[in-house]
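Asks: Structure for this input, please:
(4 chains)
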There are 2 protein chains.
Amino acid sequence: MIVNLLGKAMKHLKYAEASKCERCIRYQNCVVAQLLASTPYIKTVNSYLLSTHEHLYHAGDELSALYIIKSGAIKNYVTHNDGDEQILNFLIPGDILGLDGLGTQQYGSSAIALQTSAVCAISLQQFRNILAELVPGWLIKLATDNLSKQGRNIALLNKKKAKARIAAFLMDMADNYKSLGCSDKNFELSMSRDDIGNYLGLASETVSRTLTQLQQEGSVKMERRNVTIINAPHLSEMAQHR
Amino acid sequence: MIVNLLGKAMKHLKYAEASKCERCIRYQNCVVAQLLASTPYIKTVNSYLLSTHEHLYHAGDELSALYIIKSGAIKNYVTHNDGDEQILNFLIPGDILGLDGLGTQQYGSSAIALQTSAVCAISLQQFRNILAELVPGWLIKLATDNLSKQGRNIALLNKKKAKARIAAFLMDMADNYKSLGCSDKNFELSMSRDDIGNYLGLASETVSRTLTQLQQEGSVKMERRNVTIINAPHLSEMAQHR
DNA sequence: CGGCGTGTTGATGTATGTCAAGCGGAGTGG
DNA sequence: CCACTCCGCTTGACATACATCAACACGCCG
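Replies: You can find the predicted model right below:
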């Protein structure tokens, strides 16, 4: 008898089958198959069918499963609070989905099918159990941190206006310093305008101009590389304006 | 007696000390310290001092150690074949360096100090031994793949000219399909021009125009979403022109 | 004091965004 | 099977944000 191991969370998806990985066409290259091979607990995985434009999950949903794409194509995106979407990645067969939620217990992005697609699901609970058995916590943290940094970087780079990029960059730096226990209101940048420009995809002159503009608006005070954040909410506001 | 466990590879760095992690100011938040706590083999780590503008390692160097930043700031960058540099990230205390080389055995990027900095080093050999003990290979592959994808994304987004972004995007897609065993010369895009534009930080009209331009130059043939790569070298060439 | 690196500011050109109109394929309903 | 509509795509005209080039100001160091 075949049982849907994933339970209610997956009800909105069209159930395809529970089958042995050994029979899957992608068995040789599948990380999940290798995962399953290393544990005696799971012998089958459930797979689901997605129609074009059907969501696999939404950002903020409780993290219930990780998915691996068997066929088709899936778009991974986040929605900014002003409503517009930012595509993070296009995923193809063999790619894994949902890892970005491991830290927070909820999906950090949304996933939608670009065409009819098939995915294998591995329930979070199973994954956690296996992972806990295999991998120490610090390493999970390491991997998770790297993933979230990736998201931050894309968000930083894909904003269109220089002002938004710079504002985002400054807030990012403030966060960094805060996480180190330093002040997030006043800090010293360690890199040149050239470096900032290179990093953000802007000319150093544009960095300079934008910083003086932000200063004239009273959002920050710049004194060479010394930054004083005066109006953090305003900066965050602008950082979102992409 | 204190021994420099890392050997000759680190000779160019100024040796600071070999000390117990328990005494380190960042002990509580250090992933390496947690790593070391999980193995009986290592009791001390070596730390090094970097002056401003001193390289920690260069892209292509043999991967000899991973580093964790204790103080200061470090810039992580790659150099394109046309010579100009692309900054991937700015790293601060607590960040770890060198993971991007785990797959290939050599550093995938260069690291240089932006200010006087202190780093702890953990030799690759030690790290591998510990990792092999703790983590199955498929998971290392997973983490490594994610890191390399991050690099790809940044490279894609930070090119300045639309033509370079689109060319890079097309080659990226071709690689994807190739890795799936499909043709990398003729394939079907699964996403709209809008999606491509969103992903690359361009207006969909610009995507459209650039594609027709590439077509007129004879590099590709577009027929709706069907792509035929005609002159792959030329596309790669343009993808680098940032 | 003079030179150098870094940052600022100004003038100008250009790539790309924006707005708008039209085209063609795919799907729908008659 | 044909017309109709809708949506994605293309193309054009125009506006603009940014890159580029260039001159200059400032702090730093010899």
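Asks: Skipping its backbone neighbours, what lies nearest A:N158 in space?
Replies: Spatial nearest neighbour of A:N158, excluding adjacent residues (CB to CB, 6 or more residues apart in numbering or on different chains): B:G201 at 4.5 Å. To be clear about C-beta, it is placed using only N, CA and C from the backbone, and glycine gets the same treatment.
Asks: Same question for A:Y57.
Replies: A:Y57's closest residue in space is A:Y107 (CB to CB, 6+ apart), at 5.0 Å.
Asks: so what pLDDT did the residue nearest to A:N158 get?
Replies: B:G201 is assigned a predicted lDDT (pLDDT) of 89.
Asks: can you tell me the distance between the two ends of stretch A:64-79?
Replies: End-to-end span of stretch A:64-79 (CA to CA, to the nearest Å): 20 Å.
Asks: Please list the residues of chain A that sit near DNA strand C.
Replies: Selection of chain A residues close to DNA strand C by CB under 7 Å from any atom of the strand yields A:160, A:192-194, A:204-205, A:207-209, A:211-212, A:222, A:224-225.
Asks: again, only this time at 6 Å
Replies: A:160, A:192-194, A:204-205, A:208-209, A:211-212, A:222, A:224-225 (CB under 6 Å from any atom of the strand).
Asks: In a markdown table, list these along with pLDDT, secondary structure and neighbour count.
Replies: Formatted as a markdown table, the residues of chain A next to DNA strand C follow (pLDDT from 0 to 100; DSSP: H, G, I helix; E, B strand; the rest coil; neighbours: other CB atoms under 10 Å in any protein chain shown):
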| residue | pLDDT | secondary structure | neighbour count |
| --- | --- | --- | --- |
| A:K160 | 73 | coil | 12 |
| A:S192 | 95 | coil | 14 |
| A:R193 | 95 | helix | 17 |
| A:D194 | 95 | helix | 14 |
| A:S204 | 95 | helix | 14 |
| A:E205 | 96 | helix | 11 |
| A:S208 | 96 | helix | 15 |
| A:R209 | 96 | helix | 15 |
| A:L211 | 96 | helix | 19 |
| A:T212 | 95 | helix | 11 |
| A:M222 | 93 | strand | 15 |
| A:R224 | 90 | coil | 7 |
| A:R225 | 94 | coil | 12 |
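Asks: And chain A, what are its domain boundaries?
Replies: Split into domains by automatic domain parsing, chain A comes to A:7-153, A:159-240.
Asks: Do any residues in stretch A:208-217 lie close to DNA strand D?
Replies: No: Stretch A:208-217 stays clear of DNA strand D (CB under 6 Å from any atom of the strand), getting no nearer than 6.9 Å.
Asks: Pull the distance from that stretch to the chain's centre.
Replies: Relative to its chain's centre, stretch A:208-217 lies at 31 Å (CA atoms, centre = their mean, to the nearest Å).
Asks: residues making contact with that stretch?
Replies: Stretch A:208-217 is contacted by residues A:A162, A:K163, A:I166, A:A167, A:L170, A:R193, A:L202, A:V220, A:K221, A:M222, A:H234, A:L235 when judged by CB atoms under 8 Å, 6 or more residues apart in numbering or on different chains.
Asks: of those residues, closest to B:A33?
Replies: Nearest to B:A33, judged by CB to CB, of the contacts of stretch A:208-217 is A:L170 at 30.7 Å.
Asks: Please enumerate the helices of chain A.
Replies: Along chain A, counting by DSSP state H, helices occupy A:31-37, A:124-134, A:137-157, A:162-179, A:193-200, A:204-216, A:232-240.
Asks: Give me the below-cutoff pLDDT ranges for chain A.
Replies: A:1-11, A:17-19, A:31, A:35-36, A:38-44, A:81-82, A:133-155, A:242 (pLDDT under 70).
Asks: hmm, try it at 50
Replies: A:1-8 (pLDDT under 50).
Asks: and chain A, which residues reach DNA strand D?
Replies: So chain A meets DNA strand D at A:K161, A:A162, A:L202, A:A203, A:E205, A:T206 (CB under 6 Å from any atom of the strand).
Asks: The same query, at a cut-off of 10 Å, please.
Replies: Residues of chain A found near DNA strand D (CB under 10 Å from any atom of the strand) are A:53, A:159-166, A:197-198, A:200-210, A:213, A:223-225.
Asks: May I see the ChimeraX selection of the buried members of those?
Replies: Buried residues within the residues of chain A next to DNA strand D, by 16 or more other CB atoms under 10 Å in any protein chain shown, are selected in ChimeraX with:
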select /A:159,162,163,164,165,166,197,198,200,201,202,206,207,210
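Asks: returning to that earlier point: mind picking the one among the contacts of stretch A:208-217 that's closest to chain B?
Replies: Relative to chain B, the closest of those is A:L202; by CB to the nearest CB it sits at 9.1 Å.
Asks: Without its sequence neighbours, what residue ends up closest to the closest one?
Replies: A:L202's closest residue in space is A:A162 (CB to CB, 6+ apart), at 5.4 Å.
Asks: Correct me if wrong: that neighbour contacts A:G201.
Replies: No: using CB atoms under 8 Å, A:A162 is not in contact with A:G201, being 9.3 Å away.
Asks: Now do A:E217: how many residues are near it, please.
Replies: Using other CB atoms under 10 Å in any protein chain shown, A:E217 has 14 other residues around it.
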